[in-house]
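Visitor: missing the sequence, but the structure's below:
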């Protein structure tokens, strides 16, 4: 067994905000940036054969609400016979936060989140982090943040193709139909089930 504090050496977690300042009553996006040491990985919302997804417990000021996490598209991670879905290097989980309309401009606010995660290579180590993010309040809208534009570009996109899903006692079949799906045009396909 390895000491629990080693997880923080393998995965760095930080809470980041898209706007430089929040506007009362206007939703904004925050990100949980996870940066893993080389060769280590963490997991998507469905981890696959093994692992656990990162969880977030928000501790927000009165009147604030947090939406569901938005997960970037995962990668296949194979360790021996086990195939998991997750992330290596760096990933950003997004969440939409809605502040109350009654915020005072001269009083900054702080968002807090407790996260728990599993970081793995050939072994897995559970980790936890308590994150804080102070934010100014302003009525002036902020400019777009390229970090968040890149994070949104990594979110799964709706398919332009019609699809159907069938299941019987022995087989699951996912069918995609489009004139664009010709045998020479498709190089590979991977299915990541949400559940």
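Guide: Structure received. Everything quoted here is computed from the prediction, not taken from an experiment.
Visitor: Burial check on residue 49, number of neighbours?
Guide: The tally of other residues near residue 49 (other Cβ atoms under 10 Å) stands at 12. Backbone N, C-alpha and C define where each C-beta goes, glycine included.
Visitor: buried set for the longest strand anywhere in the chain?
Guide: Scanning the chain for the strand with the most residues, using DSSP state E, yields strand 124-137. Within strand 124-137, the residues scored as buried using 16 or more other Cβ atoms under 10 Å are 124, 125, 127, 129, 131, 133, 135, 137.
Visitor: How about stretch 92-100?
Guide: Neighbour counts using 16+ other Cβ under 10 Å place 92, 93, 94, 95, 97, 98, 99 of stretch 92-100 among the buried residues.
Visitor: you'd agree residue 152 is in a helix?
Guide: Yes: the assignment for residue 152 by DSSP: H, G, I helix; E, B strand; the rest coil puts it in a helix.
Visitor: What sits closest to it if chain neighbours are left out?
Guide: In space, and not counting its chain neighbours, residue 152 is closest to residue 94: 7.2 Å by Cβ to Cβ, 6 or more residues apart in numbering.
Visitor: contacting residues around that neighbour?
Guide: Neighbour list for residue 94: 29, 30, 31, 69, 70, 148, 151, 152, 155 [criterion: Cβ atoms under 8 Å, 6 or more residues apart in numbering].
Visitor: contacts for stretch 95-113?
Guide: Stretch 95-113 is contacted by residues 15, 17, 22-32, 56-70, 130-139 when judged by Cβ under 8 Å, 6+ apart.
Visitor: on that earlier part again, by neighbours, which of the contacts of residue 94 wins?
Guide: residue 30 (24 neighbours).
Visitor: Each with direction, which strands does the helix or strand it falls within pair with?
Guide: Applying DSSP states H and E as the criterion places residue 30 in strand 28-36. If you go by DSSP bridges, strand 28-36 pairs up with strand 11-17 (antiparallel), strand 90-98 (antiparallel).
Visitor: I'm done for today, thanks for sticking with me.
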